[in-house]
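Engineer: Just a sequence and a predicted model for now, questions to come.
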Amino acid sequence: MDKIGRAILAHLARDARLTWQELGRQVHLSGQAVATRVQQMVDAGTIRRFTVLRGDLRRHFVTVFMDTNRFDEFESFLQAREEVESASKVVGEGCYFLTLACEDDAALEGFTRDLLRYGRYKVSSEMRRTKG
């Protein structure tokens, strides 16, 4: 990615509500050129999704240790759960690393109860956000 692409991402990370024209002025491109660049980043997978992160939800970080090799079934389970903000298959400690956004402890408990079909887990909870 070139310097302008990195600048576009940095500006969007700070304020995703910028219009293409406003963003273009900041990176010295036309609004149409910025829109084209953003679409190219989406097509390339650099930008994977546009989302709203609710600040009123509590974040939990779950390391999953699979007891089964039903990875496709597990990943379908994750896709169907709206509290899963992100999920990554990892190397190192555990098999998957999840970020959950839950309204309350009952939602976390329900998710982890359903998770037991696939394996064990370890949960860490966010105290406060320091960036982003």
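Structural biologist: Yes, it's here. Here the structure is a predicted model, which is why all the values come from computation and not from measurement. Numbering: from 1, shown residues only.
Engineer: what separates D2 from L78, distance-wise?
Structural biologist: Look at D2 and L78: by Cβ to Cβ, to the nearest Å, they are 34 Å apart. Backbone N, C-alpha and C define where each C-beta goes, glycine included.
Engineer: ok, now V84?
Structural biologist: 5 Å.
Engineer: Between D2 and L78, point out the one with more neighbours.
Structural biologist: L78 (16 against 8; other Cβ atoms under 10 Å).
Engineer: Name the SS class of that one, please.
Structural biologist: What DSSP: H, G, I helix; E, B strand; the rest coil gives for L78 is helix.
Engineer: Now for F65: which residues touch it?
Structural biologist: Listed by Cβ atoms under 8 Å, 6 or more residues apart in numbering, the contact set of F65 reads 94-95, 119-122.
Engineer: Using ChimeraX, define a selection of the buried residues within those.
Structural biologist: The ChimeraX selection below is limited to those of the contacts of F65 classed as buried (16 or more other Cβ atoms under 10 Å):
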select :94,95,119,121
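Engineer: Show me the two of the contacts of F65 that sit farthest apart.
Structural biologist: With distances taken as Cβ to Cβ, the most widely separated pair in the contacts of F65 is C95 and K122, at 11.6 Å.
Engineer: Please state the offset of the strand ranked longest in the chain from the chain centre?
Structural biologist: Within the chain, and with DSSP state E defining each element, the longest strand by residue count is strand 58-66. Between the centre of strand 58-66 and the centre of its host chain there is 13 Å, according to Cα atoms, centre = their mean, to the nearest Å.
Engineer: Let's see it as PDB, backbone CA atoms only.
Structural biologist: The C-alpha atoms that make up strand 58-66 are tabulated as PDB, following Å, rounded to 0.1, in the frame of the first residue of the first chain:
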ATOM      1  CA  ARG A  58     -18.900  -4.800  27.300                       C
ATOM      2  CA  ARG A  59     -16.100  -6.400  25.400                       C
ATOM      3  CA  HIS A  60     -14.700  -9.900  26.200                       C
ATOM      4  CA  PHE A  61     -11.700 -11.700  24.600                       C
ATOM      5  CA  VAL A  62     -12.100 -15.400  24.300                       C
ATOM      6  CA  THR A  63      -9.300 -17.900  23.500                       C
ATOM      7  CA  VAL A  64     -10.900 -21.200  22.300                       C
ATOM      8  CA  PHE A  65      -9.100 -24.500  22.600                       C
ATOM      9  CA  MET A  66     -10.900 -26.900  20.200                       C
END
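Engineer: Noted, bye for now.
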